[in-house]
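> A structural model of the following input is requested.
(chains A and B)
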Amino acid sequence: MPVTKDRLHGTLDALVLKTLTFGPRHGYAIGQWLKDQTRDALQVEEGSLYPALYRMERDGWIEAEWGTSELGRKAKFYNITDAGRRQLRAQTSEFATFIAAVAPLLLPA
Amino acid sequence: MTPRLPFGRAPVGEEVDAELAFHLEMTTRQLMERGMTRSQARAEAERRFGDLQSVNAECRRYGTERDQKARRAEYLGELRHDVAFAVRQLARARGFAAVAIITLALGVGATAAVFSALDAVVLRPLPFDHPERIVEYRSARRGEPDALSTPEYVAMSRSGIFDHFSAAVLGGGMTMTMGELPEIIPAARVTSEFFAVFGEQPVLGRTFSAEENQPGGPPVVIISHRLWTTRFSSDRGIVGRPLSLEGVQYSVIGVMPASFNYTRETPDMWVPLAFTSQQLNSYGARYFTTYARLKPNTSITQAKAAASSAERAFAEHIPNRTWPVSEYGASLTPFVDQLVGNFGRLLGTLLGAVGFVLLIACSNVANLLLARGAARAKELAIRSALGAGRGRIIRQLLTESLVLALVGAGLGLGVAYGLQRLILAISPSDIPRLDQVSIDWRVLAFTFALGIVSCLLFGLVPALAAAGPRLQGAMREGGRQTSVSRDRLRGVLVAAEVALAITLLVGSGLLIRSAILMQRVNPGFDPNGVLTARILLPAARYSTAEDVTRFFTTLKDEVARMPGVQASALVSIVPMTSSSMQSSILGEGQPLDDKRIQANLRLASAGFFSTMRIPFVVGRDLSPRDNATSPLVVVVNEALVKKLWPGLSVPEVIGKRIDAVSEKREVPMLRTIVGVVRDVHDAALDRAPRPEFYIPYEQTPPALWGYMGRSLVVVARAANETADAQILAKPLRQVVARQDASLPLADSETMMSYLKGTVQTARMNTLLLSLLGGIALVLAMVGTYGVVSYFVSQRTQEIGIRLALGATPALIWKYVMRRGLSPIVIGLAVGLLLSSLTTSVVQAQLFGVSGHDPLTLGGVATLLLVVGLLASYVPARRAMRVPPVVALNEG
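Below is the predicted model:
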């Protein structure tokens, strides 16, 4: 099963939302976290994160606020909303269903 | 969940730039920590980032969408809040809300009802292809429109000025025999171009061919969609089937679409109209209506100019021309105008009247809102102090008005529906298309648009006043703001209401006076207990004048023997129907020129005058001995004597002869006057009687029978005159059937209902205008009451002080009454002036009263003064009884 653009989109969204469940972060920090956690498995250009953030903000899944970063610079901090949490749950369960369906076929028993 | 605006209103572009710059800077720093130079690190950061420009652009796009969504959400949120707040406020002030909503519902509902009628009758386009190109064509002599002669019709249809040109004989009927009872179906005779003029194609079959429009052509008929569905159960095999009409087998060749039944009165059958060679050379007979279809992009003025010169070219060839060629011309009327006629004006007048009611309603609600705004001054001041801007407060107040307006408009729909039913119930049946009136999307849109417009009308000024710059002052005054300018505004509004109400009431008062005067008019005959019914004889079996006369003579004798009939007779046309037969007459010895006068012709039998109770002035009745072989006689009315011989006294004309209904112009047919009867109101009670003459039906020129479809009307007066004369219809039908079972009774109507029919338009007008006047009066009363009682409640303290300082209750009473009455008196004066302008609108519908009838004007003025007194009286009494201590404590 090929990883379609939609699924990639959805996966990126879910990962970003997941990141934000641990607390507000700015875009750079989200990118770092993704890189660390997936051990660079997710080969995306760093820039592609930002349109996703703006899109999710438009859709009301996340909200943003200017704050001060660790280095004392002004940065835009994102936070997950209730709608975002619902979205994350939906995507997670969808992903689980997908895995449950393909895992027995692809993985050795 | 909707996003909030995160950074105030910072432009999206700056936000994206800053955020992306921050990311690049962070990456660069991290790389520099690993030992890169700044420029190396920067380059590597940009590489890792990817296409900076396209990311930036995409972010901006999403960001812009996010901001729009947020603004919309914010606006909707505020609106929802405002609406919820408004509903709570209105629920708290239930009395105020109820009065405002009912007032608006009446104003909006009445306007919507009249609009829906106007829309159905006038505004909605006819269901034809380019209906604006259809015109009724008439020729003109000295500017007077007239029907066309047959040669004239042929010349004009060949002129090429119009796309299509057709002649039609309308208003007739044909006897259809299907099953047991013969019946009369409304039918028209038309030339083959008729359907093309209207741009209509049959849904089944075809229209007439050129051969079918020739004399002696095959008997073919086209039927209406209405007849097809109601009588032939929409049978698709109808084309080619035979149909028995007037005793002849016709063949159905087509069915017209439903849109061709554009009014209730449209015919249900069309048969070919053909011209014989004799008719094609007759310049005198004018009996059909002509319709034309304008060429595309031709204005009616252009077509008229072209047709007028064609008419003058044609006039050159008229033998024995009456007028010089230059007097000939053409007259073109848009078909829709001809169809709608005066009803467009009538409904326009009503819409104007109802607009007045709406204005009164709006100023009433504005007044109520002003009072509320004043009472809420403290609340508004607090909100303003808490940071609400002036615009925000105005928006809140307008939202409240809008809620009122929309609820009012919603209820108004109910009012509109009720009024619509009322209009339908009382309107004359001949208003075209009124039966198609309904509450459709156009009326819905109109109603709610009206609601919103009136909201702005009545809401804006009070909102501006309430949110005015004196808000801080209001807080200090403890909410008891007594601004002089606001009082003046309220006074002006009441004065305006009164002025509008007077204008309306004067109009309806004049119409009521006219109706009363009209009821006193003696029609000239006694309609009680008289039944009338027309009998048409088919040409196939009654071909000669003798056949026709014999039939009617036998019938007349049979009807006279009917039980329950005290008197009966025959006549060609009864008075008070919309039809009449005109003929030009000449006194014996008078020169043959255009001094001929037009008079109503009636064929009548002996006993017609006594049956109708039309009294004789002098002379004798027609008699059965005045037959085809005896000398020609005539009975005339007084109006004819006055017109023809202005110098003679009535008895002097007995024995004189008039030339009337001569078959050829050159050969006079002299008829001797044997009697003179009193005048009868022929067309309507409010129209002066016309010159009329009656000739014995036995002496009818044979050609005339043909024009009249070999028909006469039986008039019979029941022995019991108080009962409904319709009880005679059934026995009459049996009497006719005994003589010829194939003959139906047409237009079986009582004289009473004809008489009522002629006053129906006036009655509807009077009733509706009175209703609107009544509503206006009540609204003006409510308005006055509101203003005065508000005045009193605002001044309880002041009145208490006055009383404590020794003012008598009578003085207080006077003080308050003056407050209430002064705007009324001003409104009265303005209204009376205004009404002298508007009565010209109803002038045409007045009868027996002038537009400045002092009785009506005085009556209306008195009525409003009394209403104003009553409305001020209640609050004034309350003021008189204010206990001084309470009033002072309240402060």
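
> going forward, measure contacts and count neighbours with C-alpha atoms only.
Noted.

> now the top helix by length along chain A, how far from the centre of its chain.
Under DSSP state H, the helix in chain A containing the largest number of residues is helix A:82-106. Between the centre of helix A:82-106 and the centre of its chain there are 14 Å (Cα atoms, centre = their mean, to the nearest Å).

> can it be said to contact chain B?
Yes. Under the criterion of Cα under 8 Å from any Cα of the partner chain, chain B is reached by helix A:82-106 at A:Asp82, A:Ala83.

> buried residues in that helix, which are they?
Buried residues in helix A:82-106, counted by 16 or more other Cα atoms under 10 Å in any protein chain shown: A:Gly84, A:Arg85, A:Leu88, A:Gln91, A:Thr92, A:Phe95.

> identify the residues contacting the spatially most central residue of chain A.
By Cα atoms, centre = their mean, chain A has its centre lying nearest to A:Val16, at 1.9 Å. A:Val16 sits next to A:Ile30, A:Leu34 when contact means Cα atoms under 8 Å, 6 or more residues apart in numbering or on different chains.

> swap in the one 10 residues further on?
Taking Cα under 8 Å, 6+ apart as the criterion, A:His26 is in contact with A:Ala75, A:Lys76, A:Phe77, A:Tyr78.

> what is the lowest-pLDDT residue among those?
In terms of pLDDT, A:Ala75 ranks lowest among the contacts of A:His26, with 87.

> partners of B:Thr290 in the sheet?
Here B:Thr290 sits in beta bridges with B:Tyr137, B:Ala167, as judged by DSSP bridges.

> quick one: buried residues of the host helix or strand of B:Arg717?
Per DSSP states H and E: B:Arg717 is located in strand B:711-718. Residues of strand B:711-718 classed as buried: B:Ser711, B:Leu712, B:Val713, B:Val714, B:Val715, B:Ala716, B:Arg717, B:Ala718 (neighbour count, 16+ other Cα under 10 Å).

> distance of the fourth one from B:Met612?
I take that to be B:Val714. Using Cα to Cα, to the nearest Å, we find B:Val714 at a distance of 12 Å from B:Met612.

> neighbours of the closest residue to B:Ile431 other than its chain neighbours, just the number please.
Of all residues not flanking B:Ile431 in the chain, B:Phe343 sits nearest, at 6.8 Å (Cα to Cα, 6 or more residues apart in numbering or on different chains). Close neighbours of B:Phe343, defined as other Cα atoms under 10 Å in any protein chain shown, add up to 18.

> strands of chain A, start to end?
A:25-26, A:62-68, A:74-80 (DSSP state E).

> how far does the first one sit from its chain's centre?
Using Cα atoms, centre = their mean, the mean C-alpha position of strand A:25-26 is found 12 Å from that of the whole chain.

> lowest-confidence helix or strand of chain A?
In chain A, the helix or strand scored least confidently by mean pLDDT, DSSP states H and E is helix A:5-20, which has a mean of 78.

> typo on my end, chain B
helix B:471-476 (a mean of 48).

> identify the residue of the stretch 451-600 of chain B closest to chain A, quick one.
Scanning the stretch 451-600 of chain B for the residue nearest chain A gives B:Ile452, at 33.6 Å (criterion: Cα to the nearest Cα).

> buried residues, whatever helix or strand that residue lives in. List them.
Using DSSP H and E, B:Ile452 sits within helix B:441-466. Judged by neighbour count using 16+ other Cα under 10 Å, the buried positions of helix B:441-466 are B:443-444, B:446-452, B:454-466.

> show me what it is packed up against.
helix B:94-118, helix B:343-375, helix B:390-426 (3 or more Cα pairs under 8 Å, 6 or more residues apart in numbering or on different chains; DSSP states H and E).

> make TSV out of the ones you listed and add mean pLDDT.
As requested, the helices and strands packed on helix B:441-466 are exported to TSV (pLDDT from 0 to 100):
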stretch	mean pLDDT
helix B:94-118	86
helix B:343-375	82
helix B:390-426	86
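
> redo the ones you listed as TSV? Include distance to B:Thr761.
Formatted as TSV, the helices and strands packed on helix B:441-466 follow (distance: least, Cα to Cα, whole Å):
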stretch	distance to B:Thr761
helix B:94-118	14
helix B:343-375	9
helix B:390-426	9
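
> need the contact list for B:Ala871.
B:Met781, B:Val782, B:Thr784, B:Tyr785, B:Val788 are the contacts of B:Ala871 under Cα under 8 Å, 6+ apart.

> quickly note the distance from it to chain A.
58 Å (Cα to the nearest Cα, to the nearest Å).

> so that residue belongs to a strand, correct?
No. Counting by DSSP: H, G, I helix; E, B strand; the rest coil, B:Ala871 is not part of a strand but helix.

> pLDDT of the helix or strand containing B:Gly706, averaged?
Using DSSP H and E, the secondary-structure element containing B:Gly706 is helix B:702-707. Per-residue pLDDT values across helix B:702-707 average out to 81.

> got the end-to-end distance for stretch B:307-322?
Between the opening and closing residues of stretch B:307-322 there is a gap of 20 Å (Cα to Cα).

> show me which residues of it are buried.
Buried, per 16+ other Cα under 10 Å, within stretch B:307-322: B:Ala307, B:Ser308, B:Ala310, B:Glu311, B:Arg312, B:Ala313, B:Phe314, B:Ala315.

> so what pLDDT did the last one get?
As predicted, B:Ala315 sits at a pLDDT of 88.

> contacting residues around it?
B:Ala315 neighbours (Cα under 8 Å, 6+ apart): B:Arg321, B:Val325, B:Tyr328.

> tell me how far the residue nearest to B:Ile431 lies from B:Ile695.
For B:Phe343 relative to B:Ile695 (Cα to Cα), the value is 36 Å.

> next one: B:Val841
42 Å.

> the more surrounded of these two?
Using other Cα under 10 Å as the criterion, B:Val841 and B:Ile695 rank with B:Ile695 on top: 25 against 18.

> where does the chain dip in pLDDT?
By default, I'm working from chain A. A:1-9, A:40-44, A:108-109 (pLDDT under 70).

> oops, chain B please
B:1-10, B:180, B:284, B:468-486, B:591-596, B:662-667, B:884-891.

> near chain B, which residues of chain A?
So chain A meets chain B at A:27-28, A:45-48, A:50-51, A:54-55, A:57-61, A:63-66, A:75-76, A:82-83 (Cα under 8 Å from any Cα).

> quick one: B:Leu857 and B:Leu832 touch, right?
Yes. Between B:Leu857 and B:Leu832 there is a contact at 7.5 Å, judged by Cα atoms under 8 Å.

> check contacts around the spatially most central residue of chain B.
The residue lying closest to the centre of chain B (Cα atoms, centre = their mean) is B:Leu347, at 3.5 Å. Each residue near B:Leu347 by Cα under 8 Å, 6+ apart is listed here: B:Val114, B:Ala117, B:Leu118.

> make TSV out of these and add distance to B:Leu601.
TSV is the format used below for those (distance: Cα to Cα, whole Å):
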residue	distance to B:Leu601
B:Val114	40
B:Ala117	37
B:Leu118	37
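
> for those residues, which one is nearest B:Arg138?
Among the contacts of B:Leu347, B:Leu118 lies closest to B:Arg138 (Cα to Cα), at 27.3 Å.

> what count of nearby residues applies to that closest one?
By other Cα under 10 Å, 23 other residues sit near B:Leu118.

> quick one, phi/psi of B:Arg561?
Backbone geometry at B:Arg561, expressed as degrees, to the nearest 10, gives phi -90, psi 0.
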